[in-house]
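S.K.: below is the structure, and that's it, no one-letter string:
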């Protein structure tokens, strides 16, 4: 058995070396804090309400959600961008936002203002799913 493994490893060493580019790393959030206000599971769906604060200059980092997120901005101004690098919304106090589910909806939220952004976000997820999934920068000149 050992001879067979050794022969297989020796045979593999004759194969050409193929270099594969490294996997892009997720962009971290910065200046973001949150508090869970409510969480409940009903019929296989978990509802989580969070109060999220983004400091001036802060960012959520690039990410997507396994479930739909519904939010309302309580204070400040949130700049929201999609993976095509365009700003798809600027949301101020009283504005609502809905983020669709899935990896084809990668986005980032940024606080480009001088006051904190405070928002309440309701995550509607399948039981056991994370609230967010980190994603690499899709090639935009901002984080």
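M.R.: Yes, it's here. The structure presented is a predicted model; accordingly, all values stated were derived computationally and were not measured. Numbering: from 1, shown residues only.
S.K.: any idea how far the strand ranked longest in the chain is from the middle of the chain?
M.R.: Longest strand in the chain by number of residues (criterion: DSSP state E): strand 45-59. Relative to the centre of its chain, strand 45-59 is centred 11 Å away, using CA atoms, centre = their mean, to the nearest Å.
S.K.: which helices and strands does it pack with?
M.R.: Contact partners of strand 45-59 among helices and strands, from 3 or more CB pairs under 8 Å, 6 or more residues apart in numbering; DSSP states H and E: strand 30-42, strand 107-110, strand 117-126. In this view, the C-beta of every residue, glycine as well, is placed from N, C-alpha and C.
S.K.: what about residue 28, which helix or strand?
M.R.: Per DSSP states H and E: residue 28 is located in neither a helix nor a strand.
S.K.: where in the protein is pLDDT low?
M.R.: By pLDDT under 70, the low-scoring segments of the chain are 1-26.
S.K.: taking the centroid of it, which residue is nearest it?
M.R.: By CA atoms, centre = their mean, the mean C-alpha position of the chain lies nearest to residue 63, the distance being 1.8 Å.
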